[in-house]
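Q: Attaching a predicted model along with its sequence, questions to come.
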2 protein chains.
Amino acid sequence: MNAQTIQHQTISLMNTICDIGAATAVLNWDQETYMPHGGSMTRAEQISTLSTLMHQMLTGDNAKQLVEGIKKEHGTNDQPLMRLFVEEHEKAIKLPEDLVKRVSKAQALGQDIWKEARANKDFSAFASILDELLTLKREEAECRGYVENRYDALLDIYEPGATVSHLNPVFDKLRDATSTILKAIEPVKQTVSDKPLLQHFPGDAQMAFSKFIAEKMGFDFSRGRMDLTAHPFCTSFTQHDVRLTTRINEQDLSSCLYGVIHETGHGLYEQGFPSKYARTFAAEGASIGMHESQSLLWETIVTRTEEFWQFAMPHFAKYFPEQAKGLSPRDMFHAVNTIQPSLIRVEADEITYNMHIILRFEIERDLINGSLATKDIPEAWNAKMKEYLGVTPPNDALGCLQDVHWSFGGFGYFPSYTLGKLYAAMEWKKIQEVMPQVKQDIANGEFSGILSWLREHIHAYGRTAKPGEIIKQVTGNPLSEEEFVRYAYAKASSVYGIQLG
Amino acid sequence: MNAQTIQHQTISLMNTICDIGAATAVLNWDQETYMPHGGSMTRAEQISTLSTLMHQMLTGDNAKQLVEGIKKEHGTNDQPLMRLFVEEHEKAIKLPEDLVKRVSKAQALGQDIWKEARANKDFSAFASILDELLTLKREEAECRGYVENRYDALLDIYEPGATVSHLNPVFDKLRDATSTILKAIEPVKQTVSDKPLLQHFPGDAQMAFSKFIAEKMGFDFSRGRMDLTAHPFCTSFTQHDVRLTTRINEQDLSSCLYGVIHETGHGLYEQGFPSKYARTFAAEGASIGMHESQSLLWETIVTRTEEFWQFAMPHFAKYFPEQAKGLSPRDMFHAVNTIQPSLIRVEADEITYNMHIILRFEIERDLINGSLATKDIPEAWNAKMKEYLGVTPPNDALGCLQDVHWSFGGFGYFPSYTLGKLYAAMEWKKIQEVMPQVKQDIANGEFSGILSWLREHIHAYGRTAKPGEIIKQVTGNPLSEEEFVRYAYAKASSVYGIQLG
């Protein structure tokens, strides 16, 4: 085969694999949105069949020959796609089929057992399957390979290139900065109230207002839609069909509104991949962390400015005339930026949120390396919660059983959430440099400048560049906590009227 | 391989193919219900990829070896599934891949051109691609093979075993009987009015009332759901997840109500396949005609009895208090059974409907055999409409361009609709024999006896028996028009107060 034939056939195989992946995503979306309860058993079989097919196609003889061909040839004219295909193939063949099956079986079991253990607030019921998952993931890490730390092999699944030796000092400094903020606001914390968000907000109006904001941000509803699910998510079946979901709490506006803004941030990234990458491995986020930076930039930075509420206030008052009475943009700015240590990660504010992640990172790292035993998780968890946030879970359901991730063996995923915040702060600094008027734009409800910048500097890459390369290219600096700390000090100072940093 | 291994591997391959088929059905359902407009191009590619995969799996080396093995072995303990697999494989390999691709390309083109031609009421714009589709389908018929008539090869796709020589006399007699009915009611046609259906009925109440009836019929909404689409349909992703769709015309109740009842009839069939057939080729209707008999038995027979409206009237009055004023069950019985020759097949009553089918059957048969030229379709169509129904289409959009079927080369499909009516009348006669109290049951809103009978005598087979075998087994007779004609005479006599048959 000549270079052109190899390239043509590789792209064709990638198209097939991506089409099956898209079908799998549709099956998952349908399962969460509209599928009747009775369909769950056969749906699991359908999804499993498609996933197996994708794995077979990526690791089969045809793929092997193409990878050999690509490696022999140089100078194919669409090199990033070829490189991605080789990478994905080589990652996939590292995992023995037998291990993949054992992990998949333990995952299914793990999620069932976790649900029950959480409902019964009983970690001990979950400990045995969790231990099995840890053993399997240690085995997987050895198959995947690493240079320094076994946990690096798992971090790399979600954030290519991330390592313990890089994250340890970053997270240490972030933990210290968060402690500094918490101490500083302690004497004045009564001055800021989230009451404006905790009124009765009818569900339909919440959906309409949230959709209005999503459209303002630039989400293209002719290439996407929004539905209700138990847990909000964003999924994409190509950049031409991106689905957001949200949930509604009629006693708390932020769950729906900021949930939608968050998923819209993800959705804008998905809608922003260049058309030429459709149906290839390049039409994806550079990493989970980079994807989170796209949702968090919008959710925690842009739409939690006072300027955003200067723009949004009249619209808010139109959708919620009674609730808006007597409220100023400054009141809303305060309400959406209250800082309050709490037990549950997904309900945490943007500052204390990182403590939840750092705690999980430290526990995972030690579990995978064998320096923490599974049975000792609750004790370690509660001690760290006390140390980092000053709170103690009354039971494990509100402690170490709260998240789904470990039940499917997703060790290495959590750090991405905080990496997203760090990337977002770095992106935001750059945006302010190149668009000094950006806050005035926000006050005018003009978000297209921000979106254009993201399209050009982040979205355009898709997955053809590593997250570390992108952030270096965009900001001139490698990933660090510095910008986020600066941003967090400034935000806390502004909200609580103190002087930090 | 021994018999057991062959059987095990064949079922496993069938499971995989059926799972991909189910995923394709979900993609199609999503496309019709919720997919944003922008998703259509990549959705077509996803569906095409999955369809190609299924074809490859059914015709590939693995399938070939299994079929050879099945043929060598005898006495496998699940013979119907093995037989179905061999049949499907042998049907699939008869069609050269090149022909499949040419047909598929012409189909896509045909649908686009047809839509435009219909919008412009211009048959000549459609004639060239239709001619190409006819040429391809003649070629396909030759590949599929037939004994007597080339059109038989296409009939067999939808109704296994159906032939021109069998249908010709059946349809001739049916046409004569329909003429007899139309002549008989002509002098008294003003005595029956469909006005009760032509009031303003709010959409939400139509959906709620229709869903109530579907539940009464026995549709299990924990294994299915109902949504809105431009054209109503029923699709199934296994018997555990069956989706109905409907549309609403606020000026005509029958479109939604009887549309839902029709699709519910299909849905009950799909939900009724034995669990052991899940994810195999047996979990399907015996034929399109048998499937139609399940929808039509409910839609045109059971729920158009006066007894049905005796049951339904108080519920109707609850959902539509204003509209129900002064109406009796007898008024509703009349309204839903008016007979009126008209131009459009999908709007036709149950009696004149068959004329639309017979006309199409005759034209298709002659086109495929070359005794009618494509360019002469409008003339033939209009002449037959005049002769059979006494009406003349003012243009081709209301004439030979009205249906989508020819635009995808679906020659041979139309007869199934009328075969469904003939099967349904034969089933209804048997039901009345074994359940003499069935009309009283209907008046009491008790439909479980009918459903149980269908489950046992029709649904239980899935696709493991041919439709001809099933109807012979159930009624003791082969397919004929006799019962339908008897039924139609009795219905017309009762509705119009005349004496027929």
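A: Arrived safely, thanks for sending.
Q: contact partners of the host helix or strand of residue A:124?
A: Assigned by DSSP states H and E, residue A:124 falls within helix A:123-144. Residues from elsewhere that reach helix A:123-144 (Cβ atoms under 8 Å, 6 or more residues apart in numbering or on different chains): A:91, A:94-96, A:99, A:102-103, A:106-107, A:109-110, A:113-114, A:116-118, A:150-151, A:153-154, A:156-157, A:367-368, A:370, A:374-375, A:377-378, A:396, A:400-401, A:406-407, A:409, A:411. C-beta coordinates here come from the backbone N, C-alpha and C atoms, glycine included.
Q: So which of the residues you listed belong to helices?
A: A:91, A:94, A:99, A:102-103, A:106-107, A:109-110, A:113-114, A:116-118, A:150-151, A:153-154, A:156-157, A:367-368, A:377-378 (DSSP state H).
Q: May I see the PyMOL selection of the buried members of the residues you listed?
A: Of these, the buried ones can be selected in PyMOL as follows, counting by 16 or more other Cβ atoms under 10 Å in any protein chain shown:
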select buried, chain A and resi 102+103+106+107+110+113+114+117+118+150+151+153+154+156+157+367+368+377+378
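Q: ok, back up a step: and the helix holding residue A:124, how far from the chain's centre?
A: 23 Å (Cα atoms, centre = their mean, to the nearest Å).
Q: quick one: that helix to helix A:150-158, angle?
A: Helix A:123-144 and helix A:150-158 are oriented at 80 degrees to each other (axes from the mean of the first three to the mean of the last three Cα atoms, to 10 degrees).
Q: show me the contacts for the nearest residue to residue A:439 once chain neighbours are set aside.
A: If the residues on either side of it in the chain are set aside, residue A:439 comes closest to residue A:307, at 4.7 Å by Cβ to Cβ, 6 or more residues apart in numbering or on different chains. Listed by Cβ under 8 Å, 6+ apart, the contact set of residue A:307 reads A:439-440, A:442-443.
Q: among those residues, who's most crowded?
A: In terms of neighbours by other Cβ atoms under 10 Å in any protein chain shown, the contacts of residue A:307 top out with residue A:442 at 22 neighbours.
Q: Name the residues that touch stretch A:42-55?
A: So stretch A:42-55 is contacted by A:17, A:20-21, A:23-24, A:27-28, A:30-31, A:35, A:92, A:97, A:100, A:104, B:15-16, B:19-20, B:22-23, B:26, B:53, B:237-238, B:240-241, B:278-279 (Cβ under 8 Å, 6+ apart).
Q: try stretch A:80-96
A: Residues contacting stretch A:80-96 (Cβ under 8 Å, 6+ apart): A:7, A:10-11, A:13-14, A:55, A:58-59, A:63-64, A:66-67, A:70-71, A:76, A:140, A:143-145, A:277, A:280-282, A:463-465.
Q: And these, which of them are buried?
A: Buried among those by 16+ other Cβ under 10 Å: A:7, A:10-11, A:13-14, A:55, A:58-59, A:63, A:66-67, A:70, A:76, A:140, A:144, A:277, A:280-282, A:463-465.
Q: so residue A:232 makes contact with residue A:265?
A: No - Residue A:232 is not in contact with residue A:265 according to Cβ atoms under 8 Å; the separation is 11.9 Å.
Q: between those two, who's got more neighbours?
A: Set residue A:232 next to residue A:265 and count neighbours by other Cβ under 10 Å: residue A:265 wins out with 29 against 21.
Q: my read: residue A:257 touches residue A:211, true?
A: No - counting by Cβ under 8 Å, residue A:257 sits too far from residue A:211 to count as a contact (10.4 Å).
Q: and the two? which has more neighbours close in?
A: Using other Cβ under 10 Å as the criterion, residue A:257 and residue A:211 rank with residue A:257 on top: 25 against 18.
Q: Let me know the secondary structure of that one.
A: Under DSSP: H, G, I helix; E, B strand; the rest coil, residue A:257 falls in the helix class.
Q: Let me see the contact set for it.
A: Residue A:257 neighbours (Cβ under 8 Å, 6+ apart): A:206, A:209-210, A:213.
Q: Mind checking which of those residues land in helices?
A: Those of the contacts of residue A:257 lying in helices (DSSP H): A:206, A:209-210, A:213.
Q: quick one: residue A:272 from chain B, how far?
A: Residue A:272 sits 14 Å away from chain B, going by Cβ to the nearest Cβ, to the nearest Å.
Q: Touching, that residue and residue A:454? I think so.
A: Yes - here residue A:272 lies in contact with residue A:454, judged by Cβ under 8 Å, at a distance of 7.0 Å.
Q: can you pull out the strands in chain A?
A: A:224-228, A:234-236, A:242-246 (DSSP state E).
Q: so which of those strands is the most packed in?
A: Most buried of the strands of chain A, by mean neighbour count (mean count of other Cβ atoms under 10 Å in any protein chain shown): strand A:242-246, with a mean of 27.
Q: who's in contact with that one?
A: Contacts to strand A:242-246, defined as Cβ under 8 Å, 6+ apart, come from residues A:29, A:32-33, A:207, A:210, A:214, A:219, A:223-229, A:232-237, A:256, A:259-260, A:263-264, A:266-267, A:270-271.
Q: what residue ranges in the stretch 1-150 of chain A are flagged as low confidence?
A: Counting by pLDDT under 70, the stretch 1-150 of chain A shows low-confidence ranges at A:74-78.
Q: ok, now with 80
A: Along the stretch 1-150 of chain A, the parts satisfying pLDDT under 80 run over A:73-78.
Q: Stretch A:39-55: which residues count as buried?
A: Those would be A:39, A:42-43, A:45-47, A:49-50, A:52-55, for stretch A:39-55 by 16+ other Cβ under 10 Å.
Q: quick one: contacts for residue A:199?
A: So residue A:199 contacts A:251, A:253, A:323 (Cβ under 8 Å, 6+ apart).
Q: Please list only the buried members of the residues you listed.
A: A:253, A:323.
Q: could you redo the contacts of residue A:199 as TSV and give each row distance to residue B:358 and pLDDT?
A: Formatted as TSV, the contacts of residue A:199 follow (distance: Cβ to Cβ, whole Å; pLDDT from 0 to 100):
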residue	distance to residue B:358	pLDDT
A:251	63	97
A:253	62	97
A:323	65	98
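Q: Among the contacts of residue A:199, which one sits closest to chain B?
A: Lowest distance from chain B to the contacts of residue A:199 (Cβ to the nearest Cβ) belongs to residue A:253, with 25.9 Å.
Q: count of residues packed around the closest residue to residue A:234 other than its chain neighbours?
A: Nearest in space to residue A:234, with sequence neighbours left out and distances taken as Cβ to Cβ, 6+ apart, is residue A:266 at 3.8 Å. Residues lying near residue A:266 (other Cβ under 10 Å) number 24.
Q: ok, which residues in chain A are in contact with chain B?
A: Taking Cβ under 8 Å from any Cβ of the partner chain, the part of chain A that reaches chain B is made up of A:15-16, A:19-20, A:22-24, A:26-27, A:30, A:34-39, A:41-43, A:45-46, A:49-50, A:53, A:220-225, A:227, A:237-238, A:240-241, A:278-279.
Q: among those residues, which are in helices?
A: Those of these lying in helices (DSSP H): A:15-16, A:19-20, A:22-24, A:26-27, A:30, A:41-43, A:45-46, A:49-50, A:53.
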